[in-house]
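J.: Mind looking at a prediction? Sequence and model below.
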Amino acid sequence: MDVFNARISQSSILVDEDRLSVSLDFEAPGLCGSFGYSNFAIDSEAIGRYISAILKLVGESRWEKLAGQYIRVRLKDSKVYAIGHILHDNWFDNDVFFGRTHIKN
């Protein structure tokens, strides 16, 4: 897997009928992409845990302040597998969060 330093360009939370999407758009030299999840049920307890975990990882207390913050991005075959703290070896991985099998380095 490749790891890149990136800057969060936009953070968004969107509601579409009964589903909620959470995403971070990021930019790095020669690379741009998105990380998040787009299928939360609106009444799901997982939404709060998901958002809190990302805020804690980045070191921010408000979702709207994530834009401009730096993260690390773990990619393989053009797919974002995880985002990480810019300095510390702390990672947030959707597969681990949702209890799915995680692809190792």
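T.: That came through, no problem.

J.: from here on, contacts and neighbour counts on C-alpha atoms
T.: OK.

J.: After the longest strand along the chain, which helix or strand is next? Please name it.
T.: When the chain is parsed with DSSP state E, its longest strand is strand 2-16. Moving toward the C-terminus from strand 2-16, the next helix or strand (DSSP states H and E) is strand 19-28.

J.: list the buried ones in that following strand?
T.: Buried residues in strand 19-28, defined by neighbour count with 16 or more other CA atoms under 10 Å: Leu20, Ser21, Val22, Ser23, Leu24, Asp25, Phe26, Glu27, Ala28.

J.: now stretch 25-40
T.: Of the residues in stretch 25-40, those buried under the neighbour-count criterion (16+ other CA under 10 Å) are Asp25, Phe26, Glu27, Ala28, Gly33, Ser34, Phe35, Gly36, Phe40.

J.: same check, this time on stretch 39-46
T.: Across stretch 39-46, burial judged by 16+ other CA under 10 Å covers Phe40.

J.: hmm, who's touching that stretch?
T.: Asp18, Arg19, Leu20, Ser21, Ile47 (CA atoms under 8 Å, 6 or more residues apart in numbering).

J.: just stretch 64-79 next, same as before
T.: Outside of stretch 64-79, the residues that reach it under the criterion CA under 8 Å, 6+ apart are 1-12, 55, 58, 60, 80-86.

J.: how far away is the residue of the chain positioned farthest from its centre from Asp95?
T.: In the chain, the residue that sits farthest from the middle, by CA atoms, centre = their mean, is Glu17; the gap is 22.4 Å. The spacing between Glu17 and Asp95, counted by CA to CA, to the nearest Å, is 25 Å.

J.: Quickly list what the residue nearest to Val80 when sequence neighbours are not counted is bridged to.
T.: Using CA to CA, 6 or more residues apart in numbering and skipping residues adjacent in sequence, the residue nearest Val80 is Arg74, 5.8 Å away. With DSSP bridges applied, Arg74 shows beta-bridge pairing to Val3, Ala82.

J.: From here on, call the first residue 22.
T.: Shifting the count to begin at 22 puts that one at Arg95.

J.: Distance check, Arg95 against Asn111.
T.: Arg95 sits 12 Å away from Asn111, going by CA to CA.
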